[in-house]
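Trainee: Build me a model from this:
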Amino acid sequence: MLDDIKVHVRFKLSALWCSVMFCYIYGDYFELYQPGKLPQMLSGRTALGSTTQGALLGMAAVMAIPSLMVFLSLTLPAAVSRWLNIVFGVLYTVIMVLAIQGSWHFYAFFGMVEMMLTLAIVWYAWTWQKQSAS
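Mentor: Just a heads-up that it's a prediction; the model follows:
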């Protein structure tokens, strides 16, 4: 029999956010290999329109939240952590549903994995056990 330990939900949530971030990074990296992508970037265009400071700041804010959730899942009070994980897990699932529409197969694959991970975040946060009264 293999030795096993019970992993607290906080560590599961943090690890899931790490996994989500790795998928985001690799998906965006592989996207650079799409024909015409680099010239489009160099000309100042993104999938959302022109490259402006505001657009880049918005994208940075959207990507900062999952990065912060790696840490916040471990350190915030349990009730706050639970609800932030539920809210952001649902939000990032919806974002990915919208982002993979008509995308290349590799991006749709990463998107499906990311959706499974963010839904797992919601599940673990939703089913987070309460302390026993003893």
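Trainee: where are the low-confidence patches of the chain?
Mentor: Applying pLDDT under 70 to the chain flags residues 132-134.
Trainee: can you pull out the helices in it?
Mentor: Secondary structure of the chain (DSSP state H): helices located at 9-31, 37-42, 53-75, 78-99, 105-126.
Trainee: Of these, give the one that comes closest to Asp3.
Mentor: helix 9-31 (17.2 Å; Cβ to Cβ). Every C-beta, even on glycine, is put in place using the N, C-alpha and C of the backbone.
Trainee: How about Gly111, nearest residue that isn't a chain neighbour?
Mentor: Once flanking residues are discounted, Gly111 sits nearest to Ile100: 3.6 Å by Cβ to Cβ, 6 or more residues apart in numbering.
Trainee: What's the local residue count around that neighbour?
Mentor: Neighbourhood size, Ile100 [other Cβ atoms under 10 Å]: 18.
Trainee: unless I'm mixing things up, it is touching Ala108, no?
Mentor: Yes. Counting by Cβ atoms under 8 Å, Ile100 touches Ala108, with 4.8 Å between them.
Trainee: Ala125: how many residues sit nearby?
Mentor: 24.
Trainee: nearest residue to the most centrally placed residue in the chain other than its sequence neighbours?
Mentor: In the chain, the C-alpha nearest the mean C-alpha coordinate belongs to Val20, at 4.2 Å (Cα atoms, centre = their mean). Closest residue to Val20 apart from its sequence neighbours, by Cβ to Cβ, 6+ apart: Leu117 at 4.8 Å.
Trainee: Same check on Met69?
Mentor: Computed as Cβ to Cβ, 6+ apart, the closest residue to Met69 that is not its neighbour in sequence is Trp17, at 4.5 Å.
Trainee: who's in contact with that neighbour?
Mentor: When contacts are counted by Cβ atoms under 8 Å, 6 or more residues apart in numbering, Trp17 touches 66-67, 69-70, 73, 121.
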